[in-house]
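what's the 3D shape of this:
(chains A and B)
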Amino acid sequence: MEVMDKLAILADAAKYDAACTSSGVVRGARPGTIGTATNSGCCHTFSADGRCVSLLKVLYTNHCCYDCAYCVNRRSNDVPRTAFTPRELAELTIQFYRRNYIEGLFLSSAVLKSPDFTTERMIETLRLLRGEYRFNGYIHAKAIPGADPGLTYELGLLADRLSVNIELPSESSLRLLAPDKSRSAIFRPMAQIRDGAAQSTAELKLYRHAPRFAPAGQSTQMIVGATPESDRHILTLTEGLYRKYRLKRVFFSAYMPVSDHKGLPTPAGFKPPLLREHRLYQADWLLRFYGFTAEEILDESRPNFDAALDPKSDWALRHPEFFPVEVNRADYEAILRVPGIGIRGAKKIVAARRYGPLSFEGLKRLGVVMKRAQYFVTCSGRMLPGLRCGPDSVYRRLTGLEQAALGAGESWEQLSLFGGEGGTA
Amino acid sequence: MTAYRYDGTFAGFLTCVWDALERQTEPVEFLLTGGGASLWEERELAADEGRARRLYAALAKRVSPAFQALIARGFLTCLPQKELDLLALIRRGLREGDRVRLDLSDPVMARVNLALTKMWTEWDHLKGFVRFSELDGVLAGEIEPKNRVLPLLAPHFAARYSGERLALYDRTHHEIFLSDRGRWRLLPAEDFRMAPAGGRERAFRAMWRRYYQAIAIEGRLNPKCQSTHLPKRYRHVMTEFITDGEAERGLPPGQGSRPAER
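Residues are numbered from 1 along each chain as shown, chains lettered A, B, ... in the order given. Modelled structure (predicted):
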C-alpha cells in the first residue's frame, strides 16, 4: 500500500482524539537538529470542523485486538486496516515539519497483538525520529494501557507529552462498553506518568543532564454523551484528575455515532451533544484559570448545565450577594468572577487603575466588552447610568446574548461558533 | 501646520520626531517620499542615523526599555498615521516617564495597544500558517500580511530551521527574509517569483492535502468556526487550500492585505 493511502486511513482513524495541542514545553534551537518548541504551542491550520491542527495526528496502526463498542477501530468493525513502518512515519513527519505544515507528531495506536508489542513499535518510530532524523520539535505519544511500565517510561523519555484516555466517565460504563479495558489499567500508567515526571523534575535540579520525562506533562480525554453520567459527575471527575494526577488538560469529545451496540445511543437521528461539550470546556476553563471549584459550578441541586447560559453567568445570577464588583477597588480574583471579563480584561483593569480611576468610558477603551459585565460592576460606586434591570430581565438579556453568540437562532442544536476546543491554550 | 515627509524607515521616523521635539511643532500628518502631495506646508527630512540612534537610546534610558519596545513595535503596525500617535506617546513618555504605559484608557494609548494586539495576533497566526516549498534545496514561501511582521517572524524561522536555507517573501511590504543555516537577514525586494515545484515537492503537497481532508469529522463541519480561527485572507498562500496549478500561475492577490492607507 502507498504511503498516501496509509496516511488517509490512519489519519481518519485518529481524528476522534480531541487533543492536538503542542504546548507546555520550551525548547530553543540545538545545533545539528531540526525544530523548536514554544510554551503556548502553535496552530498550523484549522480543519473544516473548526478544530486546531497542530500536530500530524495519526495512528501507528489501526489493527486492533480490542473490541471497545464506542471506537471506530474495534476488532469487529469492517474497515480497511494498515500500519506504517517506523521509517515511513519518521520521513513523513520530517518532510511535513520542514514545510511548516505541522508543529510535530501526535502518535497514537490501536493495540496490535499486545500493549507491549504496540508500545515497542511506537518507541522504535520515535527513536528513529529523535536519533537519526535529529528531530527537536514536539512529540505527543499515547501511552497504551496494560503496557509494561518500563516501556511506558522509555516512551516518555522520547515524547514531550504523554496521554492515557480514560475514555468513559465511570467504571460501570467502561465495563459495559470496553470489556478489554479496566479502570485500573487506565489509572496505573497515569499515576506512573505523574510520578515519573515529578522524579525527573527533582533529578534535573541535581544534574543538568538528567533525562527529561514527558516535560509537557500528560492529558486525557473522555467521551461525553455515550453514557448516562451527569455534567456534575464529569466535572467533579475532571477536577479530581487535575488535582490527583496533575494533568495539564482534560479533553471532552462529544460522542459521534460510530456503532449500533445495544449499550450505546441508536445512530439513527442521533445528534452529537456539541453544546454540552462546549459547556464542559467553559467550566473546565473556570476550573483551570478562574479559581472556581466544581462544587461551585454544579451541585446536587443542579447536576446539569443550563443549556441557555454559560456557567460563569449562571454562577453570577445565583450569587447576587457577590455583586456588584467595584472595578476600581476589587481584587483581581473578584474581577475575574464578573461575566464577560476574562483574564486579559481583568489584568488590564488592574494595570490601568494604577494610573487613575476608571470610568465606564475608560473600560470600553481598554477593550473590556460591557455587554455582559455592565450588570455586575460599578465604577467609583455607580452603576452604568441609565441601566434599568431586575433579576429576571438580566437572565433574559444574558440568555439572549448567549444565543446570539452561539449563532443558535431558533434551536440550541444548531451551533456554529464552537468546535474550536483543543486549541493551543 | 506642517506635514513631515520621510523615507518610511524607523530611522527616518525618529529623525522627524527629533525635529518636531526640537522645533516644538505639532505636525498634522506624515507622508512618504514619492507619495502624494499634502495640503499642508511640507518638511522633508532625510534619515539621520546618528540622531535616530541617540533618540532611540534615550527612550530606553529616560523612559524605560519596555517603552522603547512599545515604540519600535508600534512602528511595525499598520495603524493609519501611526507616526502621529507614536510621536504623541514619545512626547508624553519623555515628560511623564514610564507611567504613560499604564494609561491604557487614554485614546492614543488604547489605539496603539489595539494595533499592537492585532499585529501580535497576525504574527502568531503566520508562525503557523506560513507554507514552505522545497525548490532547488531552498525552502521558499510567501506571505501577504497587513502588519510588517517579517522582522518578528525572522528569528523564529531561523531558529526552527537552523540547518536549512530559507527564503520568505512579504508581498505587502516588498521585503525578503533569507536564512542560510541559522544566519539570516532582511532585504528590500521589489519582486519575487517562486520556481515551479518538482515531482517530490508535489507529492508532499498532495499528501498534506489528503491528510487535511481526512482529519475533519463530517458530523461536526463548522465553516464559521473555521473562519474565526483561520480567516480567509490567509488561505490563498496555504497549500491545503490551493491546487498546484494555482500555485504555479503565481499567487492570486489576497483580500484586503494592502499596506495601511496614508
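
Show me the residue sitting in the middle of the chain in space.
Chain wasn't specified; assuming chain A. Note on chain A: the residue nearest the mean C-alpha position is residue A:251, at 3.5 Å, using CA atoms, centre = their mean.

Let me rephrase: I mean chain B.
Centroid-nearest residue in chain B, with CA atoms, centre = their mean: residue B:148, separated by 1.1 Å.

which non-adjacent residue is nearest that residue?
Sequence neighbours aside, residue B:76 is the residue nearest to residue B:148 in space, at 4.4 Å (criterion: CB to CB, 6 or more residues apart in numbering or on different chains). For the C-beta atoms, the positions are set from N, CA and C on the backbone; glycine is no exception.

count of neighbours near the residue in the stretch 1-150 of chain A positioned nearest to chain B?
Across the stretch 1-150 of chain A, the shortest distance to chain B (CB to the nearest CB) belongs to residue A:50, at 3.0 Å. Close neighbours of residue A:50, defined as other CB atoms under 10 Å in any protein chain shown, add up to 25.

Next: residue A:184.
The burial count for residue A:184: 9, using other CB under 10 Å.

Wait, a helix at residue A:397?
Yes - counting by DSSP: H, G, I helix; E, B strand; the rest coil, residue A:397 is found in a helix.

ok, it - contacts?
Neighbouring residues of residue A:397 by CB atoms under 8 Å, 6 or more residues apart in numbering or on different chains: A:375, A:389.

From chain B, how far out is it?
23 Å (CB to the nearest CB, to the nearest Å).

Quick one: the strands in the stretch 151-300 of chain A, in order.
A:161-163, A:218-224, A:249-254 (DSSP state E, counting those that start in this stretch).

who touches the shortest one?
With CB under 8 Å, 6+ apart as the test, strand A:161-163 has contacts from A:19, A:21, A:24-25, A:138-143, A:152, A:155-156, A:193, A:214, A:216-221, A:248.

same deal with stretch A:226-238?
With CB under 8 Å, 6+ apart as the test, stretch A:226-238 has contacts from A:70, A:168-170, A:173, A:176-177, A:222, A:224, A:250, A:252, A:255, A:264-265, A:276, A:279-280, A:283-284, A:287, A:294-295, A:297-300, A:302-305.

Residue A:104 pairs with what?
Per DSSP bridges, residues listed as beta-bridge partners of residue A:104: residue A:55, residue A:138.

name the helices or strands packed onto the longest helix seen in chain A?
Of all segments of type helix in chain A, defined using DSSP state H, the longest is helix A:183-206. Counting contacts by 3 or more CB pairs under 8 Å, 6 or more residues apart in numbering or on different chains; DSSP states H and E, helix A:183-206 is packed against helix A:149-158, helix A:171-177, strand A:218-224.

Any chance of TSV for those, columns mean neighbour count?
Shown next, in TSV, are these (neighbours: other CB atoms under 10 Å in any protein chain shown):
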stretch	mean neighbour count
helix A:149-158	19
helix A:171-177	17
strand A:218-224	23
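
so how far is the longest helix of chain A from its chain's centroid?
With CA atoms, centre = their mean, to the nearest Å as the basis, helix A:183-206 stands 20 Å off its chain's centre.

Can you give me the buried ones in stretch B:68-77?
For stretch B:68-77, burial by neighbour count (16 or more other CB atoms under 10 Å in any protein chain shown) applies to B:68, B:70-71, B:73-77.

any idea of the mean pLDDT for it?
The average pLDDT within stretch B:68-77 is 98.

so where do the strands sit in the stretch 51-200 of chain B?
With DSSP E, counting those that start in this stretch as the criterion, the stretch 51-200 of chain B has strands at B:133-135, B:138-143, B:165-170, B:175-180, B:183-188.

Can you read off the pLDDT for the nearest residue to residue A:113 once chain neighbours are set aside?
Residue nearest to residue A:113 in three dimensions, not counting chain neighbours: residue A:65, with 6.5 Å by CB to CB, 6+ apart. Looking at residue A:65, its pLDDT stands at 94.

how deep is residue 236 tucked in, by neighbour count?
Went with chain A since none was named. Residues near residue A:236, counting by other CB under 10 Å, number 18.

should've been chain B
When counting by other CB under 10 Å, one arrives at 18 neighbours for residue B:236.

Test my guess that it contacts residue B:242.
Yes - look at residue B:236 against residue B:242 with CB atoms under 8 Å: they come within range, at 6.7 Å.

Now for the residue lying closest to residue A:215 once chain neighbours are set aside: which residues touch it?
Of all residues not flanking residue A:215 in the chain, residue A:25 sits nearest, at 4.8 Å (CB to CB, 6+ apart). Contact analysis of residue A:25 by CB under 8 Å, 6+ apart lists A:37, A:39, A:138, A:160-161, A:215-216.

Repeat that for residue B:102.
Shown in contact with residue B:102 (CB under 8 Å, 6+ apart): A:351-352, A:354-355.

Residues of the stretch 1-150 of chain B that sit close to chain A?
B:99, B:102-107, B:110, B:113-114, B:117, B:124, B:127-134, B:139, B:141 (CB under 8 Å from any CB of the partner chain).

out of those, which are buried?
Among the residues of the stretch 1-150 of chain B next to chain A, those classed as buried by 16+ other CB under 10 Å are B:103-106, B:110, B:113, B:124, B:127-134, B:139, B:141.

Name the residues of the stretch 1-150 of chain A found near chain B, please.
A:3-4, A:7-8, A:11-12, A:14-16, A:28-29, A:31-36, A:42-54, A:56-57, A:92, A:95-96, A:98-101, A:103.

confidence score at the nearest residue to residue A:304 once chain neighbours are set aside?
Distances taken as CB to CB, 6+ apart place residue A:231 nearest to residue A:304, at 4.6 Å, with adjacent residues excluded. pLDDT for residue A:231: 96.

ditto for residue B:37
pLDDT recorded at residue B:37 is 81.

go on, the one 3 residues further on?
Listed pLDDT for residue B:40 reads 88.

care to break the chain down by domain?
No chain was given, so I picked chain A. Following automatic domain parsing, one gets these domains for chain A: A:3-257+A:266-297, A:311-403.

right idea, wrong chain: chain B
B:2-118, B:130-248.

can you redo these as a markdown table with distance to residue A:121?
Converted to a markdown table, the domains of chain B look like this (distance: least, CB to CB, whole Å):
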| stretch | distance to residue A:121 |
| --- | --- |
| domain B:2-118 | 45 |
| domain B:130-248 | 21 |
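
Mind checking those for the one nearest to residue A:316?
Closest approach to residue A:316 among the domains of chain B (CB to CB): domain B:2-118, 24.3 Å.

Tell me the secondary structure of residue A:339, please.
Under three-state DSSP, residue A:339 falls in the coil class.

if I pick it, what's in contact with it?
Counting by CB under 8 Å, 6+ apart, residue A:339 touches A:310, A:312-313, A:316, A:372-373, A:375-376, A:398.

before we move on, the earlier item: just grab the bridge partners of the residue nearest to the centre of chain A for me.
Per DSSP bridges, residues listed as beta-bridge partners of residue A:251: residue A:221.

Helices along the stretch 151-262 of chain B, start to end?
Here the stretch 151-262 of chain B has its helices, by DSSP state H, counting those that start in this stretch, at B:199-214, B:223-229, B:244-248.

could those helices go into TSV alongside distance to chain A, mean pLDDT and mean neighbour count?
TSV is the format used below for those (distance: least, CB to the nearest CB, whole Å; pLDDT from 0 to 100; neighbours: other CB atoms under 10 Å in any protein chain shown):
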stretch	distance to chain A	mean pLDDT	mean neighbour count
helix B:199-214	4	95	17
helix B:223-229	3	92	16
helix B:244-248	13	78	14
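
Can I get the ones you listed in JSON lines including distance to residue A:116?
Formatted as JSON lines, the helices of the stretch 151-262 of chain B follow (distance: least, CB to CB, whole Å):
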{"stretch": "helix B:199-214", "distance to residue A:116": "29"}
{"stretch": "helix B:223-229", "distance to residue A:116": "39"}
{"stretch": "helix B:244-248", "distance to residue A:116": "43"}
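
got a list of what residue 1 touches?
Picking chain A for this. Listed by CB under 8 Å, 6+ apart, the contact set of residue A:1 reads residue A:82.

Chain B, not that one
Taking CB under 8 Å, 6+ apart as the test, what residue B:1 contacts is B:28, B:40-41.
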